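Chemist: Sequence below, structure please.
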Amino acid sequence: MPNIKSQKDRVVQAKKEALHNKVVKSNLKTVVKKANAAIDSNAADKETVVKVAVSAIDSAKSKGVIHKNTAARKISRMAKRANKAAPCTSRNRPAYGKPAGRACPAPTALLRQLLLHQQLLQRQ
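Modeler: Alright, predicted model coming up:
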């Protein structure tokens, strides 16, 4: 335990910050799990759940709870999973990488938004 008053204050602040970070990380894990479950089950509200998850990841990044590269990686992986789960029609195709042996000309609206969001993150 420190003897200096300012260091005692820093110990208290560090505990508060650690608790806040724990809450944000726990919420982030929950939202990402829900998004992954929605993608796996091909739920009707899949797009909105994924948007909420991306928003939570960005929020954690902006608060400094997770690193910006970690946030970009999580968003990218989620977009790839959503691309794989999306049925391949003439209206959508994977936003990242090559189509997996399927001819799909254009990404869906959600995946297009995620791609633009990812590009904005890389510019910052």
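
Chemist: which regions of this protein sit below the pLDDT cut-off?
Modeler: 85-110, 124 (pLDDT under 70).

Chemist: From the contact counts, what lies against the lengthiest helix in the chain?
Modeler: Using DSSP state H to define each element, the chain has its longest helix at helix 5-41. Using 3 or more Cβ pairs under 8 Å, 6 or more residues apart in numbering; DSSP states H and E, the elements in contact with helix 5-41 are helix 46-62, helix 68-85. In short, each C-beta sits where N, CA and C put it, glycine included.

Chemist: secondary structure element for residue 113?
Modeler: helix 109-123 (DSSP states H and E).

Chemist: Please compute how far that helix lies from its chain's middle.
Modeler: In terms of Cα atoms, centre = their mean, to the nearest Å, the centre of helix 109-123 is set 12 Å apart from its chain centre.

Chemist: helices and strands around that helix, which ones?
Modeler: helix 46-62, helix 68-85.

Chemist: What number of residues are in the vicinity of residue 22?
Modeler: 11 (other Cβ atoms under 10 Å).

Chemist: for residue 17, same thing?
Modeler: Neighbours around residue 17, by other Cβ under 10 Å: 12.

Chemist: Dump the helices and strands packed on helix 109-123 to TSV, plus mean neighbour count and distance to residue 12.
Modeler: What follows is the helices and strands packed on helix 109-123, written out as TSV (neighbours: other Cβ atoms under 10 Å; distance: least, Cβ to Cβ, whole Å):
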stretch	mean neighbour count	distance to residue 12
helix 46-62	19	23
helix 68-85	17	28
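
Chemist: Of all those helices, which one is nearest residue 35?
Modeler: helix 46-62 (3.7 Å; Cβ to Cβ).

Chemist: so the closest one versus helix 109-123, what angle?
Modeler: 10 degrees (axes from the mean of the first three to the mean of the last three Cα atoms, to 10 degrees).

Chemist: thinking again about what came up before, residue 15: which of the helices and strands packed on helix 109-123 is closest?
Modeler: It's helix 46-62; of the helices and strands packed on helix 109-123, that one is closest to residue 15 (Cβ to Cβ) at 19.5 Å.
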